[in-house]
Structures are given as structure tokens and as C-alpha cells.
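> What follows is a predicted structure for the sequence shown.
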Amino acid sequence: MMKPARIDERTLPPLFDIGAVWAILWARRLMVLAIAGAAVLLALSYLAVTKPSYTATASILIDPRDTRATNFNNVLPGIGSDSAAIASQVFVIQSPDLLGSVFKNQKLDSDPEFAGAGLMSRLLSLFGAGATSAQDAAFKRFQSKVSVEREGLTYVINVSFTSPSPEKAARIANAIVDQYRAGLVGERETANSDVNTLLTDRISGLQKDVSDAERAVEDFKAKHNILNSTDGGTLQSQLDQLTSQLIAAQGDADQAKDRYNQALAAGSSPAGLAKLADILTSTSAVKLRDDYNQRAAELASLETMYGPRHPTIGRLQSELERMKRLMAAEADRIRQQLKANYELAVQNVQKLQGKLEVLRQQSTNSNIAQVQLRQLESRAQAARAVLDDFLKRAQETSQMQGAQTSEARKIGAATPPVQPTWPKPVLLLLVSAVLGLLAGCGLALALGPVQQREDNPQAPKDVAPKPVADRKDSAPVAPRPLPTPANFGEYRLPGVAGGTAYSNIKAIRKQLFQTGNEALSLAVLKIMRQMVLHLDDHGKPFVILVSSIGSSFEARIAGAMLGMGMQRAEQNVLMVEIGDQLSESMTSGAGLFIDGATGLRTVVCSSVAEKGSTVADRNTFRSILAEAGSAFDFVLVTAPAFNENGWKPELFARADLTLLALGPSEQPSEAARLLAQQFGAGQIGRSATLVVAPDSARPADAANDPRHVGEWRRSTAARG
């Protein structure tokens, strides 16, 4: 890999040299002051020849409330309270019709301020331009000096006029406001008069319509013999009366029938005659019953005294028989009388039923006429309602003549102003001085540096000479210090005292995933946040290279810690182990496996895969990245230390960020020096350092363990 070119930033000129700019301005200070003075003189000349102009302002309030002296509704309602209606009044005041009326009433067409042709108009007339009439030109000049603005979102409108005369400015501003208010009242009066005339014209026609409709109703009633209900002769009232009579007659007939049936059931006996006497009051029947009862009692008494053969007994029995015959005849007479009453009641019912049928037939025949009559009456009533409404509205509009009020109130009359609105001497002089200084400075800088002779005693002594790089007698320049990589801090990691990297990694994993112990997890999260800030945005995966400057022990510990932290943060991580530092059994079987210590998906990369034919090409670092594609979020590469075999520049070139794990005694400056030697000082920005220190000390018999004695020596040598 070719090392990038190293550029000495001390030889580049500064982007903006304040000293050089000041030297140019100081050398041409007289020119700058002269230009500023000329600008001020021009402003003074303008103040001397310019006539001051005064602006007078009158304020009006568009009151949304409608004054009501009566309950009558105005023909033309108020302006309204919405914002669009108020804003529209600004354009109404600025309209040519309203301003033209003020221009004519104030006789401003002969005023020299507006009638006189200006310099621009005279120049245009020389070339045939500006062919408008003198009166139109005067009105345009008058119109250009009118300003109408709404005061924020309020109902207040300010009308301003600018003129060299303060009195004229106030007079014309008030005239515009008065003309606007008079126009509002005039519009209402005109609308009211027009509506009143229209209503009067329509009323005569409506009166004729009402008269025709009412006459048609009366003619229809007379033709079909329909009387008013108030007269008591309507067909319905007759039906009601006859129905009542029929009901009463039917009741009488039923009662007579009941009496006749009772008389038939009573018979001719004295008891029956008594019942008949109750049914039909008869004095003869009562007298016959009493005589019969008296003789029957006397007969019973004499039979006891004389016996049944006595002549008196015979005579009394004969009288009793005669009394029975008389009672039977009376009962028959009563029954005949009740029958006659019953038949008379039935005939009365039949007569009333006949009359009722005739009236019902007449009622059926008159229903169609009633429907037509109701239609005619509805038309007449509708015409009457319309006529009444027109008459009422015409009366209201006639009373509203001359009673219209304006919803625009003048809340501030224009008064002659004391101070002119233009020109403002202080502001004009200040602005001209600033602009003159800016123009002088710009011209001085545009002319470039001042060429001065070496023996010129007027040359500024505070300007440093340009550095000469090839002078032999120049003093040696001290080299600039190298930049240091980003520092990710120091982390105390748990582990087995004096144990191998495998056992320490398992201890780290146990604490990372242990519930209730979040200190290490927060520390790893801090590293990940710092790491993300140093990564450029691109597609997955991000390649993170973890190495060290003295021993691979710190690199493997730091890489495992970072990979397990990413796994706990739910990131897809692929661990890549460089095979030169692993055993031959691990590098011989290529493929993806789950590491027993970290629990991460791991693949072994052989740095000699591209040199020999015995190792498959898919184990190279380039092939591993190609197969990983976008299936992983991060590819974490654990590389050898800088001073060990197996380190290749290709790893650094493909990494998005290089993390250098340092021991407690190693300095970041040493890492910066090694990076500058390997890849150049410009690549230090792609690197960062973090210090990893074990949280436990090495035991006394750790050196006797053949499994990790070599690794422990390399680790302690790197720390020493």
C-alpha cells in the first residue's frame, strides 16, 4: 500500500491575513478618507438642494358594531368584522374613484405641486414618451403621495399624505378620510332609496294579485253553495245535528222496544198488571188492581165465615171474574199503546237515517269543491303574506331615509407635522460616511499591496518579511508535534488472575450479561457511542480493526469486550480472527463457527491465504468481507500487534476505524508515532486508543502454567 503524501501545513499561506489588509489600508489611508469625505460632501449637497417633505396621518376605526336606533334592518349591512373585509377597505380608500373625488373637490389640478411637469416628464416628452394628459399626470403624482396602511390586525386604518407643506398634507389627509366616510353613508342612502322605489313599484301589482285571489275564493263559494262556518249553515254542521238526532231517536226506539217486550212478558194477571202499571203509568190499571185486591180479601174472609155455598160468596166470585176481564182488557190496551210507541220510534229512526244518507251524499259530492276551495284560499293567503311583507319593508325603508350612520369613525385627525419625514440629516450623513469608508476600503484593497522601496523609511516596520525556505543561514524550524488519536478512556476489565485470554473473555461475558451489574455494560456503551461519532455514513457493514502496539493480549481482550457489547446492543457482529496468531488446527478448518468464549459468530482469516495454494481463497480478508455483504452490522477484526508477524496494511486500508488497545503504562503518543511511521500522519485521524487494564493481579504460580506463560510474558513485556 502506497503511503499518502505528507504536506507541511506550515508552508501554506493563511486564508485571511489581517496584518496585510491593515498594511494596505494604512498605506492608502488618505485615499480612503478622501472618498469618505466626498460621500459626506455629496450628502451635504443633497441636503442643501432638497426640499423637506412632511407627512400627515389621519386614523379611522372601522367599527364592526352596527348602531341601531330602531328595530329596522338596514338595506345595506355593515362592512363586517372579518380580516378580509377590513383589509379590502384599504384598497377602497386607494381607489381612483375616491382619490379622484378628493383631487377634484380640493382643486388640486391647478396646484403647482402637482400640475407642474417634473424633470423626468420633460425628458420623456423630448423623446415622444409620456403622452398622457397633464391632468392625468397631475393625478398620478397626487396618487403617489397617498399612503393607506392597516395598523396590524386591528380595525384601525391610517391614511397619510406627503407634501412640502405641512398644512396641505394635513388638509388633504383629512379630506380623504371625510370623503371615505361620506361615501359609506351615501352608499347606504342610495341602496335604501333604490330598494324603496322597487318596493313601491311592486306593491301595486301585489295588491291586484291579492284582490283577484280573494274574489276567486268568494265566487267559488257562491257557485258551490258553500257557507262560512260562522253562519251556522254549513253542511258539516247539519250532518252533526242530524247525527245527534238520529242517535237520540235510536235510543228512544230501543227503549220503546224494551217496554213492549216487558209488556208482552207481564201477561194479564194482577201481578202482570202491576208490572204494566210500572211500565206505563195508568190510573185505571192501578184502580182495577186495588179493587181486585180488596174483593179478593173480602172473599177470603167470607168463605171462612159462610162457607163456599153461601150466596154472598157466589156474588163476590162473579165480581172477581168481572174484575179479571177488566184487568185483561186494560193490559191489552197498555200493550197496544206500547207497540204503537215502538213503531212510531222506528219510523222516526228510519226517517232520520234517510235524511242522514242524503246529507252524506251531499258531503261526498262537496269534498272536491272543498279541496279546490282550500287551494284558492292558500293562494290568497300567500299573496296576502307577500303583500304584508312588502308593505312593512316599504314602511321601514321610508322611515330610514336620512337616518343612516357610518361605521367608520375618525379617531385621529391629521395635524400639520413639525418634523419633516425626509430628508433626515443625521441619518443621511451617518450612512454616507459609512458607505464612503466602505467604498474607499474596497478600492484600496482592489488596487493591491503598495510597492515600497527597501530604503524607504516610511515602510511599516510591523509587517513581517516573507519566509525564505532556501536560505542557508536561516534558523532551523522545530518540527510540529504529531496529532494524537482520539482517546476513548481507560477501562478496568474483570478476569481470572493470571489466566489466559480465553478465561478472561469468559469472565468479561459473564459480567456483561449478569443481571444487576450494569457498570461494565455502561462502559462498553460509552465506547460504542464514541466509536459511532468517528464513523462515516455508508452501507453495512462497518469494519472495526482492533490491534495493539506491543502485544495481542490487549487487542483480543478489547475486541471481545466490544463485540459482546455490540451483541448485547442487538447488533449483528462478525468476529474475524487473524490466523497467524492462532493454532494450526483452527486455521486448517475454514468456515463460520460460534466462539466458545465470546458466543459470537467468528471466522478465521489467514494472512498467508493469498501466498499458498493449500488454503482456500475464501479465507482471505477480502473474500470474508465479500461474503459478509450486508448481513452484518459490524465486522470486528482482531489483528496482531504492530511488532508481530501477520500485520498487513490491507487491514488498515479496509477498516473504517482502528482501535489500539494500550496497557496502563503505554502512551497514546507512541501509538501516534507508530501510525505515522506505517501510514503517515494524515491517517491518524482514522484511529483511536483505549486503555484496558485487568481488574485482578497475576498470581505467583501463573508463570508455571505452560498454557499461557508465553502470552503472559508478551503482555508484561508490552506493559513494561
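Thanks, I have the structure now.

> Show the backbone phi and psi for residue 62.
Residue 62 adopts backbone torsions of phi -90, psi 100, taken as degrees, to the nearest 10.

> Which pLDDT value goes with residue 219?
If you check residue 219, the pLDDT there is 87.

> Kindly check the end-to-end length of stretch 86-102 for me.
The straight-line separation of the ends of stretch 86-102 (Cα to Cα, to the nearest Å) is 22 Å.

> what's next to stretch 216-225, contact-wise?
Residues from elsewhere that reach stretch 216-225 (Cβ atoms under 8 Å, 6 or more residues apart in numbering): 226-228, 366, 369, 372-373, 376-377, 379-380. The C-beta positions use only the backbone N, C-alpha and C, and glycine is treated the same way.

> repeat that with 6 Å
Here stretch 216-225 makes contact (Cβ atoms under 6 Å, 6 or more residues apart in numbering) with 369, 373, 376-377, 380.

> swap in stretch 621-638?
With Cβ under 6 Å, 6+ apart as the test, stretch 621-638 has contacts from 540-546, 555-556, 559, 563, 566, 571-577, 603, 605, 617.

> what's the answer for stretch 360-374, then?
With contacts defined as Cβ under 6 Å, 6+ apart, stretch 360-374 is touched by 220, 224, 235.

> of those, buried ones?
220, 235 (16 or more other Cβ atoms under 10 Å).

> returning to what we had before: for ChimeraX, what selects the buried ones among the contacts of stretch 216-225?
In ChimeraX, this line selects whichever of the contacts of stretch 216-225 come out buried by 16+ other Cβ under 10 Å:
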select :373,376,377,380
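
> closest to residue 136 among the contacts of stretch 216-225?
Nearest to residue 136 among the contacts of stretch 216-225: residue 380, at 61.4 Å, using Cβ to Cβ.

> Buried ones only from the contacts of stretch 621-638, please, as a PyMOL command.
Only the buried entries of those go into this PyMOL selection, using 16+ other Cβ under 10 Å:
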select buried, resi 541+542+543+544+545+546+555+556+559+563+566+572+573+574+575+576+577+603+605
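
> Now go through the contacts of stretch 621-638 and say which are in strands.
Using DSSP state E, the subset of these located in strands is 542-546, 573-577, 603, 605.

> Could you work out the most separated pair of those?
542 and 577 (18.1 Å).

> contacting residues for the residue nearest to residue 655 when sequence neighbours are not counted?
Distances taken as Cβ to Cβ, 6 or more residues apart in numbering put residue 545 closest to residue 655, at 3.7 Å, once the chain neighbours are dropped. With contact set as Cβ under 6 Å, 6+ apart, residue 545 has these partners: 637, 639, 651, 655, 658.

> With neighbour count, distance to residue 676 and secondary structure added, can I get those residues in JSON lines?
Putting the contacts of residue 545 into JSON lines (neighbours: other Cβ atoms under 10 Å; distance: Cβ to Cβ, whole Å; DSSP: H, G, I helix; E, B strand; the rest coil) gives the following:
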{"residue": "637", "neighbour count": "24", "distance to residue 676": "21", "secondary structure": "strand"}
{"residue": "639", "neighbour count": "29", "distance to residue 676": "18", "secondary structure": "coil"}
{"residue": "651", "neighbour count": "21", "distance to residue 676": "17", "secondary structure": "helix"}
{"residue": "655", "neighbour count": "20", "distance to residue 676": "17", "secondary structure": "coil"}
{"residue": "658", "neighbour count": "25", "distance to residue 676": "13", "secondary structure": "strand"}
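
> and which of these is nearest residue 432?
residue 658 (61.3 Å).

> so who does the closest one touch?
For residue 658, the contact set (Cβ under 6 Å, 6+ apart) comprises 545, 687.

> for the one 3 residues further on, same thing?
Residues counted as contacts of residue 661 (Cβ under 6 Å, 6+ apart) are 548, 554-555, 558, 692.

> Given the helix or strand hosting it, what are its sheet partners and their directions?
Assigned by DSSP states H and E, residue 661 belongs to strand 657-662. Strand pairing for strand 657-662, using DSSP bridges, gives strand 542-548 (parallel), strand 687-694 (parallel).

> what does the domain assignment say about the chain?
The record's domain split for the chain, according to automatic domain parsing, is 15-50+423-451, 486-719.

> where does the longest one sit relative to the chain's centre, distance-wise?
Read it as domain 486-719. Averaged C-alpha coordinates place domain 486-719 at 54 Å from its chain's average position (Cα atoms, centre = their mean, to the nearest Å).

> CA-only coordinates of the helix or strand harbouring residue 47 in CSV, if you can.
Using DSSP H and E, residue 47 maps to helix 29-49. The C-alpha trace of helix 29-49 is given here as CSV (Å, rounded to 0.1, in the frame of the first residue of the first chain):
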residue,chain,number,x,y,z
ARG,A,29,-5.5,55.9,4.3
LEU,A,30,-5.6,59.3,2.6
MET,A,31,-7.5,57.9,-0.4
VAL,A,32,-10.0,56.2,1.9
LEU,A,33,-10.5,59.4,3.9
ALA,A,34,-10.9,61.4,0.7
ILE,A,35,-13.6,59.1,-0.6
ALA,A,36,-15.4,59.1,2.7
GLY,A,37,-15.2,63.0,2.8
ALA,A,38,-16.5,63.1,-0.8
ALA,A,39,-19.5,61.0,0.2
VAL,A,40,-20.3,63.3,3.1
LEU,A,41,-20.0,66.4,0.8
LEU,A,42,-22.4,64.8,-1.6
ALA,A,43,-24.8,64.2,1.3
LEU,A,44,-24.5,67.8,2.4
SER,A,45,-25.1,69.0,-1.1
TYR,A,46,-28.2,66.8,-1.3
LEU,A,47,-29.5,68.3,2.0
ALA,A,48,-28.9,71.8,0.7
VAL,A,49,-30.9,71.4,-2.5
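
> Fine by me, thanks again.
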